[in-house]
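Undergrad: can't give you the sequence, but here's the structure:
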């Protein structure tokens, strides 16, 4: 369900969640590999725990108020669950080196659009190296 909806919001309206459509950006083998790694290494709980703790009513928003001053490279993917504009992100990230709005991808962008992520990462590192 998470892979389906967090990859593209419109998948919630498809009977199979879009997973069996030819244009789904993650192969079923890669999806199963990812799930198995989390499950077999007993790290599935810690991956879900992040969301539970991040959205806890007591702590929600607290981390956003702690500034991050190290260089940041931000890639914004159109199907991500929560997309914030650069001026909102600048409240948290005080040294934004690169900020790129990507043409495709969602929450699992590295699995969905690995080339876009790699190009963006290389751009960030190159920009950072050229400014120091």
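TA: Good, I have the coordinates. Being a predicted model, the structure only gives us computed values, none of them experimental. Numbers count the residues shown, from 1 in each chain.

Undergrad: run a quick neighbour tally on the residue found closest to residue 86 once you drop the neighbours it is linked to in the chain.
TA: Once flanking residues are discounted, residue 86 sits nearest to residue 99: 5.1 Å by Cβ to Cβ, 6 or more residues apart in numbering. Just so you know, the C-beta spots here come from the backbone N, C-alpha and C atoms, and that holds for glycine as well. Counted with other Cβ atoms under 10 Å, the neighbours of residue 99 add up to 16.

Undergrad: for residue 27, same thing?
TA: Neighbours around residue 27, by other Cβ under 10 Å: 10.

Undergrad: can you pull out the helices in the protein?
TA: With DSSP state H as the criterion, the chain has helices at 2-7, 28-40, 44-54, 86-92, 109-112, 114-131.

Undergrad: can you tell which of these is closest to residue 19?
TA: helix 2-7 (5.7 Å; Cβ to Cβ).

Undergrad: residue contacts, the residue nearest to residue 86?
TA: By Cβ atoms under 8 Å, 6 or more residues apart in numbering, residue 99 lies in contact with 73-74, 76, 86, 89.

Undergrad: including distance to residue 7 and neighbour count, could those go into TSV?
TA: Shown next, in TSV, are the contacts of residue 99 (distance: Cβ to Cβ, whole Å; neighbours: other Cβ atoms under 10 Å):
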residue	distance to residue 7	neighbour count
73	22	17
74	20	17
76	16	17
86	24	12
89	22	17
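
Undergrad: for those residues, which one is nearest residue 103?
TA: The closest of the contacts of residue 99, once distances to residue 103 are taken by Cβ to Cβ, is residue 76, at 10.6 Å.

Undergrad: beta partners of that closest one?
TA: residue 101 (DSSP bridges).

Undergrad: in contact with it, which residues?
TA: Here residue 76 is in contact with 83, 99-102 (Cβ under 8 Å, 6+ apart).

Undergrad: now, of those residues, which are buried?
TA: 99, 102 (16 or more other Cβ atoms under 10 Å).
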